[in-house]
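# Got a sequence here, can you model it:
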Amino acid sequence: EECTAFCLDTLQKRVIVGTDRGRLAMYVCRTSVVAGVLSSHDNAVSQVAFTSSPQLIISSSHNATVLVHEDAKVPGEPCLLLRRIAFVDEVDLRSLVLSHTDLIVRSPDGVQMWDLYEDVATGGVGGTIMRDIPGGEVCGPTEESTVA
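Residues are numbered from 1 along each chain as shown. All right, here's what the predicted structure looks like:
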């Protein structure tokens, strides 16, 4: 299993890692102890981002899915999956950023914007429209979920 994406939290104390198998995990930088495990993607993780206000972990995959997790309030507690956003057509999501409340993703078809608070697509340049897949789930650290 290989690391395909990673980022630091805003305090630079934890690293969030995505793998070629779609798994996401959070580690304490100084100790490499697993600080949390998040819901997985169905395909390789292409990007991971952490936002400070609100504290969200956002990841994208090569099968056109974006996961939005709320950071755990206490280290080791579960992260809540807030949103699972997908493109209607499966495309390779190549990058993502947050601008205030808008999630902006880039694919080969163009750039798409999604308002995370209003839960609607707000526009884009080029092809495909995103859709939200309802159903949040709670996920947290487990013994068998360490990323090698």
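# which regions of this structure lie under the pLDDT threshold?
Applying pLDDT under 70 to the predicted model, the residue ranges of the chain that meet it are 73-74, 87-94, 99-100, 107-109, 119, 126-148.
# which ones are touching the residue nearest the centre of it?
A centroid search over the chain (C-alpha atoms, centre = their mean) returns residue 59, at 2.0 Å, as the residue closest to the centre. By C-beta atoms under 8 Å, 6 or more residues apart in numbering, residue 59 lies in contact with 5, 16, 18, 24, 38, 41, 45, 47-49, 66-67, 69. Just so you know, the C-beta spots here come from the backbone N, C-alpha and C atoms, and that holds for glycine as well.
# switch to 7 Å and redo it
Contacts of residue 59 were listed using C-beta atoms under 7 Å, 6 or more residues apart in numbering, and they are 18, 24, 41, 45, 47, 48, 67.
# isn't the fifth one right next to residue 103, touching?
No - Residue 47 sits out of contact with residue 103 when judged by C-beta atoms under 7 Å, with a separation of 11.2 Å.
# Checking residue 77 next. Helix, strand or coil?
Following DSSP: H, G, I helix; E, B strand; the rest coil, residue 77 is assigned to coil.
# what's it sitting at in phi/psi?
Backbone torsions for residue 77, taken as degrees, to the nearest 10, come to phi -80, psi 160.
# Kindly provide the distance from it to residue 41.
Residue 77 sits 22 Å away from residue 41, taking C-beta to C-beta, to the nearest Å as the criterion.
# ditto for residue 50
When C-beta to C-beta is the yardstick, residue 50 and residue 41 sit 17 Å from each other.
# Could you do residue 61 as well?
From residue 61 over to residue 41 the distance is 4 Å, taken as C-beta to C-beta.
# Tell me the residues that contact both of these two, please.
Overlap between the contact sets of residue 61 and residue 41, as judged by C-beta under 7 Å, 6+ apart, is given by residue 22.
# ranges for the helices of this protein?
With DSSP state H as the criterion, the chain has no helices.
# quick one, strands of it?
3-8, 14-19, 24-28, 34-38, 45-52, 55-61, 65-70, 79-87, 95-99, 102-107, 110-115, 120-126, 130-133, 138-139 (DSSP state E).
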